[in-house]
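# model the following, please.
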Amino acid sequence: MCGRYASSVDPEDLVDLFDVAEVDDDLPAASWNVAPTDLVPVVLERLRDDVVVRRLRPLHWGLVPSWSKDTGGGARMINARSETLAEKPAFRKALAARRCLLPADGYYEWYETGARTAKGKPVKQPYFIRRADGEPLAMAGLYEFWKDPAFEGDEAPTGGPRSPWYLSCTVITTAAEDALGTIHERMPMIIGADDWGAWLDPRATDTAAAIELLHVTEPGLLLPYPVSTEVNSVRNNGPQLVEPAEPVEDTGA
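I've put the predicted structure just below:
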C-alpha cells in the first residue's frame, strides 16, 4: 500500500456506522489526500473502570513506538506487514492490546504504465481503490502512545506542546489479491463488520487469535479506477481527486 488515502466521511456518520460511544472534539477535517503524519480519525476501544468504551479519536498516521527517542520515525511506519506483526518489536505489544480501525473512503496506488516523460522518467498512473458498493473501508490498524521526555510529570516545558502524549497509528497490509496485485503488490487489511468487536477489544490479548481475524479480502470487494495525477502533490485536496480520469496511455516504451 502506498502512502495516501481518502477519509471524508462525516464524524456523525462514523459514529453511527461504528457504534461509537465517545467522540473527541478535535477530529481532523475531511481529506481526500491523507499523507503520512497527518491526523486521521481512528476507531479504538479503551477500558475505563472495567468497562470497554469505543471512541473516535484523532491520531497521527505513522506509528511511533513508546520507546522511540522522538516522533521523527513515524513517517516510515505508516504500514505494518501482517506477516511479521507478532515478531517486530515496533508492533508486537500494540497487536496484543492496541488494535484499531482506520475509516477510509478508499486508498491510492501508483502503477508504472510503461510510458515515459520527455526526460525519460517512468510515468506512474494513480489509481483510487474503494469498495465496489461505495461503503467506507475499515482498515485494520495498530496504535501507540508516546510520551515526550521533555515533560516532567504532568508539567509542560516552557513553550512546549500542550500535551505530553503523541498518539499514532499504522495500517496493517497484506499481499494484494490478483486483480489489485497488477497495480501494487500490497493492500490494506480490511476488517469485516462482524469482526470489529473482537478486533478492537482491549481485553483480548491473544496475538494469535487477533491475527486470525485478518482475512484476505475476497476478490471483487474492492474497485480500482484511474484518477488524475493531481493527487501526486500533497498540496492538492478535494473530492475531485477521487473522480475517475482518463488513464495515461501505456506505450510500452
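# which non-adjacent residue is nearest H184?
E109 (4.1 Å; CB to CB, 6 or more residues apart in numbering). The way it works is simple: take the backbone N, C-alpha and C, and place the C-beta from them, glycine included.
# just P89 next, same as before
Excluding the flanking residues, the one nearest P89 by CB to CB, 6+ apart is P65, at 7.3 Å.
# all strands for the stretch 1-150 of the chain, in order.
Counting by DSSP state E, counting those that start in this stretch, one finds strands in the stretch 1-150 of the chain at the ranges 5-7, 22-23, 31-34, 39-48, 51-61, 79-81, 99-104, 106-116, 122-131, 137-147.
# quick one: contacts of the first one?
Spelled out, it's strand 5-7. Strand 5-7 has contacts (CB atoms under 8 Å, 6 or more residues apart in numbering) with 28, 30-34, 40-41, 102-108, 128, 139, 241-242.
# packed most tightly, which of the strands of the stretch 1-150 of the chain would that be?
Of all these, strand 5-7 has the most neighbours on average by mean count of other CB atoms under 10 Å, namely a mean of 26.
# parallel or antiparallel, which strands does it pair with?
strand 31-34 (antiparallel), strand 106-116 (antiparallel) (DSSP bridges).
# wait, which of those strands is closest to R76?
strand 31-34 (16.3 Å; CB to CB).
# same question for stretch 16-27, mean pLDDT?
Across stretch 16-27, the average pLDDT comes to 96.
# where in the stretch 101-250 of the chain is pLDDT low?
152-162, 249-250 (pLDDT under 70).
# repeat that with 90
Low-confidence regions of the stretch 101-250 of the chain, defined by pLDDT under 90, span residues 112-123, 148-164, 175-185, 215-221, 246-250.
# do a quick rundown of the helices in it.
Listed in chain order, the helices of the stretch 101-250 of the chain (DSSP state H, counting those that start in this stretch) span 178-181, 196-200, 207-212.
# can you list those helices in CSV and add distance to D50?
Listed next are the helices of the stretch 101-250 of the chain as CSV, based on distance: least, CB to CB, whole Å:
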stretch, distance to D50
helix 178-181, 42
helix 196-200, 16
helix 207-212, 21
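# burial-wise, tell me which of those comes out on top.
The highest mean neighbour count among the helices of the stretch 101-250 of the chain, using mean count of other CB under 10 Å, belongs to helix 196-200: a mean of 18.
# which strands and helices lie in contact with that helix?
Judged by 3 or more CB pairs under 8 Å, 6 or more residues apart in numbering; DSSP states H and E, helix 196-200 is in contact with strand 39-48, strand 99-104.
# dump these into CSV; add distance to N236 as well.
Formatted as CSV, the helices and strands packed on helix 196-200 follow (distance: least, CB to CB, whole Å):
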stretch, distance to N236
strand 39-48, 18
strand 99-104, 18
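# who wins for proximity to P164 among those?
Closest among the helices and strands packed on helix 196-200, using CB to CB: strand 39-48, at 17.2 Å.
# which outside residues touch that closest one?
Applying CB under 8 Å, 6+ apart, the contact partners of strand 39-48 are 7, 11, 14, 18, 20, 27-28, 31, 34, 52-61, 98-103, 138, 141, 143, 169, 196, 200-203.
# work out the gap between that strand and the centre of the chain.
13 Å (CA atoms, centre = their mean, to the nearest Å).
# what average pLDDT does that strand get?
97.
# run the angle between that strand and strand 99-104 for me.
150 degrees (axes from the mean of the first three to the mean of the last three CA atoms, to 10 degrees).
# ok so, going back, and of the helices and strands packed on helix 196-200, who's closest to A208?
Comparing the helices and strands packed on helix 196-200 by CB to CB, strand 99-104 comes nearest, at 13.5 Å.
# if we can go back for a sec, need the strands of the stretch 1-150 of the chain in TSV with distance to L180, can you?
Putting the strands of the stretch 1-150 of the chain into TSV (distance: least, CB to CB, whole Å) gives the following:
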stretch	distance to L180
strand 5-7	14
strand 22-23	32
strand 31-34	19
strand 39-48	22
strand 51-61	21
strand 79-81	15
strand 99-104	15
strand 106-116	8
strand 122-131	7
strand 137-147	13
